[in-house]
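Trainee: How does the following fold in three dimensions:
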Amino acid sequence: MLGAPRAAAEDCWKDDLALGCEALGWQTVHLPARGIPVEDVVRVCRGADMLIWARTHGHDPRGDAVAMLRRIEDAGTVTVGLHLDLYWTLRGREPRVGNQPWWTSQFVFTADGGPESAARFAERGVNHHWCPPPVGVRWLGRAEPDSRYAGQVAFVGGYVAGIHGEHRKRLLEWARRRFGRRFRWYGRPGVRVVGDELSVLYASARVVIGDSAPAPFYWSDRVPRTLGRGGLLAYPNTEGLDEVGLTAATMLRFDRFGFDELGDRIDALTDARRRELTDNALTVIAERHTWPVRLREIESVVFQCG
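Mentor: Numbering: from 1, shown residues only. Next up is the predicted model:
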């Protein structure tokens, strides 16, 4: 795996990917993507079934990485590029598609979904496949609630105007007005919660509100990361969620910018209904949206099995 994991306590998807490989019993070697000589990567891949290049923006091997991939493939190893970001619809990212070495992997998986997306990737020469974001198995389950977070309406994440757009800005402004001191924003500078403490937050807060860039068949990993920890997520209606089991029976779904109706539903929420929704979500995430599940799906595509 190209893209070595960081400290195990951090909420890094590459750590969860690595642990997912281990859970499947795959023998895995981790290599740092940034600055590693291409000869080192070629050498380590000898005899391997698959190279997964877990992408981080700006992290590339030193040398001709395109030639590196071809040499690895010529030796019999399948190359896979993997990233959980959205590319289409984001002006800063669209020009990158097909124009960086990792895009030339034999198979590329990102969170961009839908038939129009696939066609656009093909036009750039990318053999693209949809990868809805999963959660790491280490985070699966409901932590013991803590009174520090009880009753809160929380948002977990950052805000960058050029990426996250008008909806997130207005969602945060509305939540401040509607819920006052009950609203907490975790993820802004100086207020970061990760690891086991984030699991406690999700299990304890009344509701976690969230969104992602508006695109069909796309949602950020905040969806499985929240639901898989027993959190109740309020999230915009998005084409594709129902198809993968993330229905209104697993979270509070709402129309974008329909904040007042969402607020009324949050205020009317009972403990029993919250428990029902989070129980449903935990089941769906465990069955369909963990890294071992997603890796088996990738394996099936790459080796055309199953």
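Trainee: list the contacts for C21?
Mentor: 1, 28, 291, 295 (Cβ atoms under 8 Å, 6 or more residues apart in numbering). From N, CA and C alone the C-beta is placed, and that goes for glycine too.
Trainee: Go through the helix or strand A272 falls within and flag the buried ones.
Mentor: Using DSSP states H and E, A272 sits within helix 271-288. The neighbour-count check on helix 271-288 (16 or more other Cβ atoms under 10 Å) flags 277-278, 280-282, 284-286, 288 as buried.
Trainee: So which elements touch it?
Mentor: Under the contact definition 3 or more Cβ pairs under 8 Å, 6 or more residues apart in numbering; DSSP states H and E, helix 271-288 sits against helix 222-227.
Trainee: which among the contacts of C21 gets closest to I36?
Mentor: M1 (12.1 Å; Cβ to Cβ).
Trainee: Poorly predicted segments of this protein, please.
Mentor: 4-9, 162-163, 305-306 (pLDDT under 70).
Trainee: tell me the domain boundaries of it?
Mentor: Domain assignment for the chain by automatic domain parsing gives 13-134+290-303, 141-288.
Trainee: Buried residues, stretch 256-267. List them.
Mentor: Per 16+ other Cβ under 10 Å, stretch 256-267 contains these buried residues: 259, 262-263, 265-266.
Trainee: Quick check: closest non-adjacent residue to R296.
Mentor: L24 (7.2 Å; Cβ to Cβ, 6 or more residues apart in numbering).
Trainee: the helices in the stretch 201-306 of the chain, which residues?
Mentor: Remark: helices assigned in the stretch 201-306 of the chain by DSSP state H, counting those that start in this stretch are 222-227, 259-267, 271-288, 291-303.
Trainee: I'd like the distance between L252 and D267.
Mentor: Distance of L252 to D267, computed by Cβ to Cβ, to the nearest Å: 12 Å.
Trainee: Likewise for D60?
Mentor: 49 Å.
Trainee: again with A33
Mentor: A33 is 47 Å from D267, by Cβ to Cβ.
Trainee: W185 - how many residues pack around it?
Mentor: Neighbour count for W185, taken as other Cβ atoms under 10 Å: 16.
Trainee: which strands and helices sit next to the host helix or strand of H167?
Mentor: Following DSSP H and E, one finds H167 within helix 161-179. Helix 161-179 is packed against strand 153-156, strand 183-186, helix 259-267, with contacts defined by 3+ Cβ pairs under 8 Å, 6+ apart.
Trainee: what separates it from the chain centre, distance-wise?
Mentor: 21 Å (Cα atoms, centre = their mean, to the nearest Å).
Trainee: Setting the sequence-adjacent residues aside, check what's closest to V29.
Mentor: V44 (5.7 Å).
Trainee: Quick check: phi and psi on that neighbour?
Mentor: Phi and psi for V44, reported as degrees, to the nearest 10, are phi -70, psi -30.
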